[in-house]
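S.K.: curious how this folds, go ahead:
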Amino acid sequence: MSMKYTQEDTPPSSISGDEISAMDADGVMYLDEMEEIQLDEEMEDDEEDFEIEPPEDHSVVMFDKHIGSVFCCDLHPHGKFAVSGGEDDKAYVWSVETGQIVMDCTGHKDSVVFVGFSFDGTYLATADMSGVIKVWKCNLEENKQLPWPVAFEYESDDLSWGTWHFGAHVLICGANSGEIYIFKIPSGDTKVLQGHNVKVECGKLFNDGVRLAAGYEDGAVKVWDLKTSSVLQQIPNNVHGIRVTAIDTHHDNNLIASISTDGKIVLSTATNGKVVGELETENDLEVIAFSKDPQMDYFATGTLTGAISIWDVPRQMIRYECSKSDENSIAGVTKMIWVENRLVVGGLDGSVRAYEGRTGEQCLMLTGHRSEILDLCYNVKQNIVLTTSDDGTARIFKYEINKDKD
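M.R.: Coordinates of the predicted model:
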C-alpha cells in the first residue's frame, strides 16, 4: 500500500527556530555538532534496514501469488483446494498439495475481504470491499471446465463481512450501510435485512439455522429471523455503548456473546434479549468464540496484547489463562477458532498456537509467517490449517498434536 505525503507531513524548517536545541545561545551550530547529528541519522537508517531473522517455517505449502496483504481464506470441504483473497483485488483457488493456481477469480474492483465454499463444496463465493459479490459453480471433475462458471453475481453497497449458511446454499453478507443481504443460490432470490444507517460489523448464525445475531457500530446487537426478515430481539446500544467488534452464538441456541472496543463482554439471551452478564476485560479485546463441544461449556477471548482466556459460561468467570504478557506468549491475538476441544489462535507475531481447552496448556506452535495472521481455517479431512498473513502469503500447516497430551 503506497503512502501519500502532504505538506503537513513535512518537518518544520530550521529557520523557524524549532531546532534551536542543536545550536548555541547565539544560534550558531558548530561543525562537530553537525557531524554528530549526521552520524546519529545514519545509525538510525542502519537500524531501520535491519531485518529480524525469519522464523522457522513449519508450513508444508506456501502460496505467494498475491501482491500485498492476504485478508481471507477457506478450504474446500474435500480438503484439496484452498481459496484466498487479498489487497490486490484478487481471489485465487489453488492446490493445497502443490500451491499451483487452479483458477483466478476475476472481476473484482477492490480488496477481496471474503472468500468461502458452501457447506457441501458446490459453490465458491468471493466478495470485495466495493460490494462486488461473485458465486462460482465448483467443477471438480477430472476434465474440469476452467474457469469455473459464474452461478450468481451481485453488486451491493460496500461490504464488511460474509458467511455461508452451514446447511443450505444461502449466502449472507453485511454492508457498511447496515443492510444484511441474504442470497439464495443459484436462483438469486434476495432478501435485505434493513439496517438503521449504522455499519453492521459482524454476524453469526445460530445452530437452528433460521436466526442470525448481528453486531453494529453503535453498540446495538440484533437477533434476526431469516425467514420473515424481522428483528426478534434487540439489545440497546447503550449496553455496549461503543462499536461491537465480534459476536458468537452458543450451541444451545439461546445465548449470545458480544464484545466491544472498550473491552466489555456482554452475554444476552436470544429469546427475550435479556442481558445476563456484563464482564469487563482489557480495552484491546479482539476475538471471542464459544466452544462447540457440549461437554465444555466455555468461551474464549483474545486481546491484541496477547492475553488468551478460557471462561466458564455458567459461572461467568475465567477458568484458565492460556497466555499472558511474557516472552513465551503470543504477541497478540487476531483470529481464534475451536477445533474439537482445543483452541487454535493466530497472532500478531505470525504464529499459530493451539491450547488444550480443559487445561489451558499450549500443545502446538506453528511458525513461518513474517507478519500478523489475518485469517485461518481448518479442514478435518486433511487435518490441515490454512492461514493468511499481512506478509503477502498463505500457508498450509499440518495440524499435528502430541497425542500424549490427550
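
S.K.: mean confidence score for stretch 236-253?
M.R.: Stretch 236-253 carries an average pLDDT of 94.

S.K.: residues contacting the spatially closest residue to Val333 that is not a sequence neighbour?
M.R.: Spatially, and ignoring its direct neighbours in sequence, Val333 is nearest to Gly302 (2.9 Å; C-beta to C-beta, 6 or more residues apart in numbering). C-betas here are computed from N, CA, C, even on glycine. For Gly302, the contact set (C-beta atoms under 8 Å, 6 or more residues apart in numbering) comprises Leu285, Glu286, Val287, Ile288, Ile308, Ser309, Val333, Met336, Val345.

S.K.: what number of residues lie near the second one?
M.R.: The local packing of Glu286 (other C-beta atoms under 10 Å) involves 21 other residues.

S.K.: that one is in contact with Leu304, isn't it?
M.R.: Yes - at 5.2 Å, Glu286 counts as touching Leu304 under the criterion of C-beta atoms under 8 Å.

S.K.: what's the burial count for Asn272?
M.R.: Neighbour count of Asn272, defined by other C-beta under 10 Å: 9.

S.K.: that one sits in which helix or strand?
M.R.: Here Asn272, judged by DSSP states H and E, is contained in no helix and no strand.

S.K.: so what's the nearest residue in space to it that is not next to it in sequence bridging to?
M.R.: In space, and not counting its chain neighbours, Asn272 is closest to Gln233: 6.6 Å by C-beta to C-beta, 6+ apart. Beta-bridge pairing for Gln233 (DSSP bridges): Val223.

S.K.: quick one: contacts for Gln233?
M.R.: Gln233 touches Lys222, Val223, Thr269, Ala270, Thr271, Asn272, Gly273, counting by C-beta under 8 Å, 6+ apart.

S.K.: can I get those residues in JSON lines including pLDDT?
M.R.: Converted to JSON lines, the contacts of Gln233 look like this (pLDDT from 0 to 100):
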{"residue": "Lys222", "pLDDT": "97"}
{"residue": "Val223", "pLDDT": "97"}
{"residue": "Thr269", "pLDDT": "94"}
{"residue": "Ala270", "pLDDT": "91"}
{"residue": "Thr271", "pLDDT": "89"}
{"residue": "Asn272", "pLDDT": "89"}
{"residue": "Gly273", "pLDDT": "88"}
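
S.K.: pull out the buried residues from those.
M.R.: Neighbour counting with 16 or more other C-beta atoms under 10 Å marks Lys222, Val223, Thr269, Ala270, Gly273 as buried within the contacts of Gln233.

S.K.: pick the one among those closest to Arg353.
M.R.: Nearest to Arg353 among the buried ones among the contacts of Gln233 is Ala270, at 31.5 Å by C-beta to C-beta.

S.K.: quick one: residues contacting the closest one.
M.R.: Contacts for Ala270 (C-beta under 8 Å, 6+ apart) come out as Phe206, Arg211, Ala213, Val223, Leu232, Gln233, Thr249, Asn253, Asn254, Leu255, Ile256.

S.K.: mind redoing it with 6 Å?
M.R.: Contact analysis of Ala270 by C-beta atoms under 6 Å, 6 or more residues apart in numbering lists Val223, Asn254, Ile256.

S.K.: can you redo the residues you listed as JSON lines with distance to Ile180?
M.R.: Below are the contacts of Ala270 laid out as JSON lines (distance: C-beta to C-beta, whole Å):
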{"residue": "Val223", "distance to Ile180": "12"}
{"residue": "Asn254", "distance to Ile180": "21"}
{"residue": "Ile256", "distance to Ile180": "16"}
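
S.K.: done for today, thanks.
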